[in-house]
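*Asks:* I'd like to go over a predicted model; first the sequence, then the structure.
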Amino acid sequence: MPPDEHDLDIAEQALVSSAQSMGIALSHDHLRQFRSYFHELTQWNERINLTSLVSPEDVYHKHFLDSLTVMKALHADETSSKSATFTLLDVGSGAGFPGIPLAIVDAPLQVTLLEATRKKAQFLEHLIRVLGVANASVVTGRAEEVAHVSMHREQYDWVVGRAVARMATLAEYMLPFCRVGGAMIAMKQGTISEELDLAERAIRTLGGELSAVLPVDNDLLAGERCLIVLRKAAATPDIYPRRPGMPAKRPL
């Protein structure tokens with residue numbers, strides 16, 4: 001059943017207000033792109049499994065707004081805020097979160113979406129064309145393999161991940177893509193202090209160091225949320241990431 005336009009309007013207004021509270025001004029063009037995104041997502045979701053959240057409220061709050069919270073980390077970085085352009089890799093992009101919303105609101109940001117599932121990558125390629133997001137592109141492949149390709153290894157200013165994996169696993173997936181001096185952002189829910197302690201050795205081994213834990217406070221996003229920012233302090237040893245499956249099966 002097509003979504004009620006009234007429900008879409010309400011979800012859109014809430015997105016505008018919440019984004020404004022984070023210092024993000026959404027233009028009419030942004031809102032047009034987000035509405036097109038919603039329609040494409042829900043239509044494709046009938047053919048391939050992209051998300052279990054399909055109502056306007058869920059998509060606008062739990063996908064679009066949640067993605068935009070990453071801007072808090074980008075705004076907090078002095079280097080990025082002074083740079084005309086910088087690069088961001090979205091690892092395991094899935095249906096495009098958080099990479100596509102970030103590309104929509106930040107035109108100078110050059111976003112690469114890394115997705116291992118070919119059908120999802122096809123959706124992302126289609127979405128980029130339909131939305132006219134010229135500052136986004138798609139790479140199909142597994143992080144453990146693509147991270148050993150020279151054109152991607154240690155090439156990105158920012159690497160972001162919206163996943164449920166533990167920090168040690170996320171660090172092995174993401175830090176090899178960061179340039180030295182760049183950083184990775186892990187979007188996390190719940191209490192993370194113990195998880196960070198357990199991941200300390202892995203983070204250090206991979207060339208990272210904890211830079212910040214930024215709380216995400218928004219009435220539309222349930223639960224305790226934060227952004228874990230790891231600065232890339234040294235090059236990642238060549239053996240990492242290990243072969244596909246190993247970072248999750250046997251975390252460092």
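*Replies:* Perfect, I can see it now.
*Asks:* Tell me who's in contact with the nearest residue to Leu15 once chain neighbours are set aside.
*Replies:* Closest residue to Leu15 apart from its sequence neighbours, by CB to CB, 6 or more residues apart in numbering: Tyr60 at 4.8 Å. Any C-beta I mention is one placed from the backbone N, CA and C, and that applies to glycine too. Contacts for Tyr60 (CB atoms under 8 Å, 6 or more residues apart in numbering) come out as 11-12, 14-15, 34, 38.
*Asks:* right, and out of the residues you listed, which lies closest to Ala136?
*Replies:* For Ala136, the closest of the contacts of Tyr60 turns out to be Phe34, at 14.3 Å, with distances computed as CB to CB.
*Asks:* I'd like the contacts of Tyr60 laid out as a markdown table, including neighbour count.
*Replies:* Shown next, in a markdown table, are the contacts of Tyr60 (neighbours: other CB atoms under 10 Å):
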| residue | neighbour count |
| --- | --- |
| Ala11 | 24 |
| Glu12 | 18 |
| Ala14 | 17 |
| Leu15 | 24 |
| Phe34 | 24 |
| Phe38 | 21 |
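*Asks:* okay if I get these as CSV plus secondary structure?
*Replies:* Putting the contacts of Tyr60 into CSV (DSSP: H, G, I helix; E, B strand; the rest coil) gives the following:
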residue, secondary structure
Ala11, helix
Glu12, helix
Ala14, helix
Leu15, helix
Phe34, helix
Phe38, helix
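*Asks:* and the two most separated of those?
*Replies:* Between any two of the contacts of Tyr60, the greatest separation by CB to CB is 13.4 Å, found for Ala14 and Phe38.
*Asks:* what separates whichever strand or helix holds Trp158 from the chain centre, distance-wise?
*Replies:* Here Trp158, judged by DSSP states H and E, is contained in strand 156-161. Its chain's C-alpha centre lies 8 Å from the corresponding centre of strand 156-161 when counted by CA atoms, centre = their mean, to the nearest Å.
*Asks:* Also stretch 98-114?
*Replies:* The chain centroid and the centroid of stretch 98-114 are separated by 9 Å under CA atoms, centre = their mean.
*Asks:* for stretch 183-202, same thing?
*Replies:* For stretch 183-202, the distance between its averaged C-alpha position and the chain's averaged C-alpha position is 16 Å (CA atoms, centre = their mean).
*Asks:* Now do the buried residues in it.
*Replies:* Using 16 or more other CB atoms under 10 Å as the test for burial, stretch 183-202 gives 183-188, 192, 195-196, 199, 202.
*Asks:* Send me it as CSV with only the CA atoms.
*Replies:* Only the C-alpha atoms of stretch 183-202 are listed here, as CSV (Å, rounded to 0.1, in the frame of the first residue of the first chain):
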residue,chain,number,x,y,z
ALA,A,183,39.7,8.5,11.2
MET,A,184,36.9,5.9,11.4
ILE,A,185,33.5,6.5,12.9
ALA,A,186,31.6,3.6,14.4
MET,A,187,27.9,4.3,15.0
LYS,A,188,27.0,2.5,18.2
GLN,A,189,24.1,1.9,20.6
GLY,A,190,24.1,1.0,24.2
THR,A,191,27.0,1.1,26.8
ILE,A,192,30.3,0.8,25.0
SER,A,193,33.0,1.3,27.7
GLU,A,194,33.6,-2.4,28.2
GLU,A,195,33.5,-3.1,24.4
LEU,A,196,36.2,-0.3,23.9
ASP,A,197,38.4,-1.8,26.6
LEU,A,198,38.2,-5.2,25.0
ALA,A,199,39.1,-3.7,21.6
GLU,A,200,42.1,-1.6,22.8
ARG,A,201,44.7,-4.1,21.7
ALA,A,202,43.1,-4.6,18.3
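*Asks:* so what does the strand holding Trp158 touch, helix or strand wise?
*Replies:* In terms of contacts (3 or more CB pairs under 8 Å, 6 or more residues apart in numbering; DSSP states H and E), strand 156-161 is packed against helix 78-82, strand 86-91, helix 167-174, strand 178-189.
*Asks:* Go ahead and confirm Leu88 touches Val111.
*Replies:* Yes. Using CB atoms under 8 Å, Leu88 is in contact with Val111, at 5.2 Å.
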